[in-house]
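Visitor: coords please:
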Amino acid sequence: MNITEQSYATLTFAVPEAGIGLVTLNRPERLNAINPAMVEDLEALFAALARDETVRVLILTGAGRGFCSGADLNEAMSHKNSGAFADPERYLHIAQERYGGLVLGLRALPQPVIAAVNGPCAGAGFCLTLASDVRFASPGAYFIASFINIGLSGGELGTTYLLPRLIGLARAAEILYTGRKVPAEEAERMGLVNRIVPPEALIETAMDCARQMTAKNPAGIRLTKQALDRNIDAPSLAAAVDFENKNQSLMIFSGAFFELIKAFAKGPEKR
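Guide: Predicted structure coming up:
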């Protein structure tokens, strides 16, 4: 089945332009909180995207006035006496690991992911934005690592790995220890979001960024994402350069390189 033909209960997926996928979390009455049905939908979507070479960039946003308020705690309470909470090992297997798998699945996508954060972004929703490659936010957006506020560890769904790499250890520690709200303006200053844009321009800004990516060599974009993911934890500069050298050698023989450098060879005035 073509990825655009799949239907989802808790999200929508569209291809507004060739090469660009737009996924919208679609439980606006719950600020797009993630429930088990959304977990299943996102798992299915990520699996389809991993196999689909026609979608080259993914935009992630939320329906209504919010991006994602995190896990749906109302549903969690309603299942308090279910098998999921029978013992820690069972909960780890059928709940915690599946929610954590969403962050791993999003980060593993070959496509760059652009988060268009249109409002409150908390808990697991915050983690989805951290796992994205680029983040744009509307002025009314805010971010909360809310786990510490509900009696949990602040280390949830990759926050202690991803957040320090984006904004530094000291800032990350303060946000995770306090569980405080980080407004969009502060998030931009600290590098948590790339840019704040008016609400009416949010999706178009994400689309414009995606268009710039789809204009590039597809393999070049994929290998750039691989290099960023791998080299952030490279054991040495030499190891990082070695990985890049192999990628560049592949790309030089891909066929596009010599065509694209013709304009550069003619000098700046000819480009």
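Visitor: Please spell out which residues along stretch 133-148 are buried.
Guide: 133-138, 141-148 (16 or more other C-beta atoms under 10 Å). Bear in mind the C-beta positions are built from the backbone N, C-alpha and C, glycine included.
Visitor: ok, the residues you listed vs residue 109, which is closest?
Guide: Nearest to residue 109 among those: residue 133, at 9.4 Å, using C-beta to C-beta.
Visitor: nearest spatial neighbour of the closest one, skipping sequence neighbours?
Guide: Spatial nearest neighbour of residue 133, chain neighbours left out: residue 112 (4.5 Å); criterion: C-beta to C-beta, 6 or more residues apart in numbering.
Visitor: Tell me how many other residues crowd that neighbour.
Guide: Residue 112 has 21 neighbours, counted by other C-beta atoms under 10 Å.
Visitor: thought it was touching residue 57?
Guide: Yes - contact criterion C-beta atoms under 8 Å: residue 112 and residue 57 qualify, at 5.3 Å.
Visitor: Tell me the residues that contact both of these two, please.
Guide: Taking C-beta atoms under 8 Å, 6 or more residues apart in numbering as the contact rule, residue 112 and residue 57 both touch 213, 221.
Visitor: And the residue nearest to residue 133, its phi and psi?
Guide: Torsion angles at residue 112 (phi, psi; degrees, to the nearest 10) stand at phi -60, psi 140.
Visitor: Ok, residue 34 next?
Guide: Main-chain torsions, residue 34, degrees, to the nearest 10: phi -90, psi 120.
Visitor: any idea how far it lies from residue 251?
Guide: 37 Å (C-beta to C-beta, to the nearest Å).
Visitor: between those two, who's got more neighbours?
Guide: Set residue 34 next to residue 251 and count neighbours by other C-beta under 10 Å: residue 34 wins out with 26 against 16.
Visitor: quick one: the strands in the stretch 1-150 of the chain?
Guide: 11-17, 20-25, 57-62, 113-117, 120-122, 134-137, 142-144 (DSSP state E, counting those that start in this stretch).
Visitor: Of all these, which one comes closest to residue 247?
Guide: Closest to residue 247 of the strands of the stretch 1-150 of the chain is strand 57-62 (C-beta to C-beta; 19.2 Å).
Visitor: sorry, back to before: tabulate the strands of the stretch 1-150 of the chain (a markdown table), appending distance to residue 189.
Guide: Shown next, in a markdown table, are the strands of the stretch 1-150 of the chain (distance: least, C-beta to C-beta, whole Å):
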| stretch | distance to residue 189 |
| --- | --- |
| strand 11-17 | 31 |
| strand 20-25 | 26 |
| strand 57-62 | 22 |
| strand 113-117 | 15 |
| strand 120-122 | 17 |
| strand 134-137 | 12 |
| strand 142-144 | 13 |
